[in-house]
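Trainee: task: produce atomic coordinates for the following.
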Amino acid sequence: VAALQRQIFDFLGYQWAPILANFLHIMAVILGIFGTVQYRSRYLILYAAWLVLWVGWNAFIICFYLEVGQLSQDRDFIMTFNTSLHRSWWMENGPGCLVTPVLNSRLALEDHHVISVTGCLLDYPYIEALSSALQIFLA
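Mentor: Numbering: from 1, shown residues only. Down below sits the predicted model:
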């Protein structure tokens, strides 16, 4: 359920790398459940190996959104495979956030707009980091 919830919000934010990782995770969970029910050790070993990768991916997500080391959300478009400037859905739709469009901004590209987000009860990097921490806990 937590993986499906995360998949939905990544789709809403057009974040292609997490969408792919979430899809692989959902497939691995299905194989893990099948391996448990059918007592298939190969499926369980595959699932255990995937969980190691899954924990690593979620640790990377936490580091990315909290901008640990050289990672920067403004410079690195890793989550969208450098195809667009889309951000986390939570950036504009977080709890208590007020979105104000900035009209006639020189920073806006042809197909994008610049916004100002204020008043959030919890900023989106923390929501994304908490979501990844929950995934690590569940793994």
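Trainee: C-alpha from now on. contacts and neighbour counts both.
Mentor: Fine.
Trainee: domain parsing of the protein, as residue ranges.
Mentor: Taking the TED database as the reference, the chain has its domains at 1-81, 85-138.
Trainee: tell me the contacts of the residue nearest the centre of the chain?
Mentor: With distances taken as Cα atoms, centre = their mean, P18 lies nearest the centre of the chain, 4.9 Å away. P18 is in contact with 7, 10, 79, counting by Cα atoms under 8 Å, 6 or more residues apart in numbering.
Trainee: gap between it and Y43?
Mentor: 23 Å (Cα to Cα, to the nearest Å).
Trainee: mean confidence score for the helix or strand the residue nearest to the centre of the chain falls within?
Mentor: Assigned by DSSP states H and E, P18 belongs to helix 16-38. Mean pLDDT, computed over helix 16-38, is 92.
Trainee: longest helix of this structure, counting residues only.
Mentor: helix 41-65 (DSSP state H).
Trainee: got the angle between it and helix 16-38?
Mentor: 150 degrees (axes from the mean of the first three to the mean of the last three Cα atoms, to 10 degrees).
Trainee: remind me what helix 41-65 packs against, helices and strands.
Mentor: The contact analysis (3 or more Cα pairs under 8 Å, 6 or more residues apart in numbering; DSSP states H and E) places helix 41-65 against helix 16-38, helix 124-138.
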